[in-house]
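A.B. asks: would you be able to build a 3D model of this:
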Amino acid sequence: MGANETVPTYHSFVDGCYLHQDAYGGAATLVSFHLLRYALFTLMLVVVGPFTFRIVAAFFDLERDFKSIADHFDDVTSGLIYSYILFTLGNYAHTFSWVTLVFYFVGLLCFCVLVELPFMRVSLNGWRSWSTGAWAVNLGGLALVLVAAGFHIRWAYLAGILQWYLPLFVLATASVWSTVFVKRLQHHCIDNRPEGLGIERRTRRAALILFTRRSAKARRQYQAEQANQLEQLRQRAEQYAANTAAATPSSLQPADNGNDDLAIGDLDIRRSDSQGLSEGNLGQNNTSRSLLNMPIEPNHRERIDSLTHEQKNELIEGKLKNLHYLNVQTNGPLPLHRLNLHLHHWQIFYILAFFTRFDEFASKMCAGVVLGIFTQGYAAYGFDPMVERKC
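C.D. replies: As a prediction, the model looks like this:
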């Protein structure tokens, strides 16, 4: 083993991405992991938090969706994915502590009370019809978020990561503002391109053109081979007839004048037989050649003849009408639907939870609050999509 090689140990396996000595508490590290803290973090975010909400919601009959066992299972499996990404990229390996845990339940329970207020039973999509109270609460919450963002930007500057912090925030919010372009593109396809963007159709068309050309090339090669074989057969038949005709006079020796007529008659008979053989072979050759060039049966014509350009296009277009989509009926339209954009509060606070990454009491407190609101959203309604089908 080389002098510079490091032997893996138990601690390097468990917390290999954890910085024990860091002046900024791991804030300047994009990826970090600690096994024990990850287990506690996931237990809080995926098991204890949602279970607490469902118990409290059942006790006070709070607003929520009914969930079957399968729905809860889907929430757990999706929550494991969300929690792992958030933990490793949100620096919770360094910042997760009792402060985060306490304010997690504060945020979870306080938001449960807040959304039960009569004027707060609104959605973000219906902002045009908000009451004065709803506007006041939401604008107050936005002001608190902006104040907290100012402190976090300052801490990012002190940690020397501001040049990464702000661009990554814009990138993280791309899942929100990019949905506007997705909706417009979807509606453009419905109005102007009912077959969709056509990327898969173009790919399949290219494959069919390639296969058709290769099939035509193979048929031409087959025709050439057949013609060559028939030409060889014709040459052999002519050579055989010529050899037979040349050998016949030398084998006839007339004994006397009285047998001249017999010998000549025998020679004529053999010549006629040879000519008949040659003509018979040539006749077969002509028959085979006619079958090759002008087949009568359609299946022979399709196999042997080269397709014209129009025939190729007709064949390709026919196959493109029914691509192998399991959710599309034969000769039926593609399932394109108009969309609505529905931004859920759990999606907003999940994004914010990536940027409360500093080893400061206020940052840990903010992390707990946003994680609690995130949990309330998916525990009550599930991981609903941001882009929904328009009814």
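A.B. asks: packing partners of the host helix or strand of H152?
C.D. replies: In the assignment (DSSP states H and E), H152 maps to helix 132-158. Applying 3 or more Cβ pairs under 8 Å, 6 or more residues apart in numbering; DSSP states H and E, one finds that helix 132-158 contacts helix 162-172, helix 361-381. (Glycine included, C-beta is placed from N, CA and C.)
A.B. asks: tabulate those helices (a markdown table), appending mean neighbour count, distance to F111 and mean pLDDT.
C.D. replies: Compiled in a markdown table, the helices and strands packed on helix 132-158 are given as follows (neighbours: other Cβ atoms under 10 Å; distance: least, Cβ to Cβ, whole Å; pLDDT from 0 to 100):
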| stretch | mean neighbour count | distance to F111 | mean pLDDT |
| --- | --- | --- | --- |
| helix 162-172 | 13 | 21 | 94 |
| helix 361-381 | 23 | 5 | 97 |
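A.B. asks: of those helices, which is nearest V102?
C.D. replies: Counting by Cβ to Cβ, V102 lies closest to helix 361-381 out of the helices and strands packed on helix 132-158; the figure is 6.6 Å.
A.B. asks: list the contacts of the next helix or strand after that closest one.
C.D. replies: Per DSSP H and E, the first helix or strand lying C-terminal to helix 361-381 is strand 387-389. Residues from elsewhere that reach strand 387-389, judged by Cβ atoms under 8 Å, 6 or more residues apart in numbering: T179, V182, K183, H337, R338, L339, N340, L341, H342.
A.B. asks: give me that answer again for 7 Å
C.D. replies: For strand 387-389, contacts defined as Cβ atoms under 7 Å, 6 or more residues apart in numbering pick out T179, V182, K183, H337, L339, N340, L341, H342.
A.B. asks: report how many residues lie close to the residue nearest to S123 when sequence neighbours are not counted.
C.D. replies: Leaving out its chain neighbours, the residue that sits closest to S123 by Cβ to Cβ, 6 or more residues apart in numbering is H342, at 7.3 Å. When counting by other Cβ atoms under 10 Å, one arrives at 15 neighbours for H342.
A.B. asks: so who does H342 touch?
C.D. replies: N125, M386, E388.
A.B. asks: same thing with P50?
C.D. replies: Counting by Cβ under 7 Å, 6+ apart, P50 makes contact with D75, T375, A379.
A.B. asks: go on, A159?
C.D. replies: Y24, A27, A28.
A.B. asks: just the buried subset of the residues you listed, written out for PyMOL, thanks.
C.D. replies: A single PyMOL command selects the buried members of the contacts of A159 (16 or more other Cβ atoms under 10 Å):
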select buried, resi 24+27+28
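A.B. asks: any weak-confidence spans in the stretch 1-150 of the chain?
C.D. replies: Where the stretch 1-150 of the chain drops to pLDDT under 70, the residues are 1-22.
A.B. asks: if we use 50, what do you get?
C.D. replies: 1, 3, 6-8 (pLDDT under 50).
A.B. asks: helices of that one, residue ranges please.
C.D. replies: Under the criterion DSSP state H, counting those that start in this stretch, the stretch 1-150 of the chain contains helices at 10-14, 35-42, 49-60, 69-89, 92-95, 98-114, 132-158.
A.B. asks: the strand or helix carrying W177: which residues count as buried?
C.D. replies: In this assignment (DSSP H and E), W177 forms part of helix 174-192. Across helix 174-192, burial judged by 16+ other Cβ under 10 Å covers T179, K183, Q186, C189.
A.B. asks: have a look at those residues and tell me the least confident one.
C.D. replies: Minimum pLDDT for those is recorded at C189 (84).
A.B. asks: wait, isn't that residue in contact with L336?
C.D. replies: Yes. Using Cβ atoms under 7 Å, C189 is in contact with L336, at 6.1 Å.
A.B. asks: what separation do you get for P333 and N192?
C.D. replies: 14 Å (Cβ to Cβ, to the nearest Å).
A.B. asks: same question but for R204, I mixed them up
C.D. replies: 21 Å.
A.B. asks: try T95
C.D. replies: Per Cβ to Cβ, T95 is found 49 Å from N192.
A.B. asks: the helix holding H152: how far from the chain's middle?
C.D. replies: On the basis of Cα atoms, centre = their mean, to the nearest Å, helix 132-158 sits 38 Å off its chain's mean C-alpha point.
A.B. asks: which residues touch K183?
C.D. replies: The neighbours of K183, taking Cβ under 7 Å, 6+ apart as the test, are L339, L341, V387.
A.B. asks: how about the first one, phi and psi?
C.D. replies: In this case it means L339. Main-chain dihedrals, L339, degrees, to the nearest 10: phi -120, psi 160.
A.B. asks: what's the closest non-adjacent residue to it?
C.D. replies: K183 is the one closest to L339 (Cβ to Cβ, 6+ apart), at 4.9 Å.
A.B. asks: for the residue most central in space within the chain, which non-adjacent residue is spatially closest?
C.D. replies: Central residue of the chain (Cα atoms, centre = their mean): E200, 11.1 Å from the mean position. Closest residue in space to E200, ignoring its immediate chain neighbours: L323 at 7.0 Å, by Cβ to Cβ, 6+ apart.
A.B. asks: contact partners of the host helix or strand of F349?
C.D. replies: Assigned by DSSP H and E, F349 falls within helix 345-352. Contact with helix 345-352 is made by Y82, A172, T173, V370, I373, F374, G377, Y378, M386, as judged by Cβ under 7 Å, 6+ apart.
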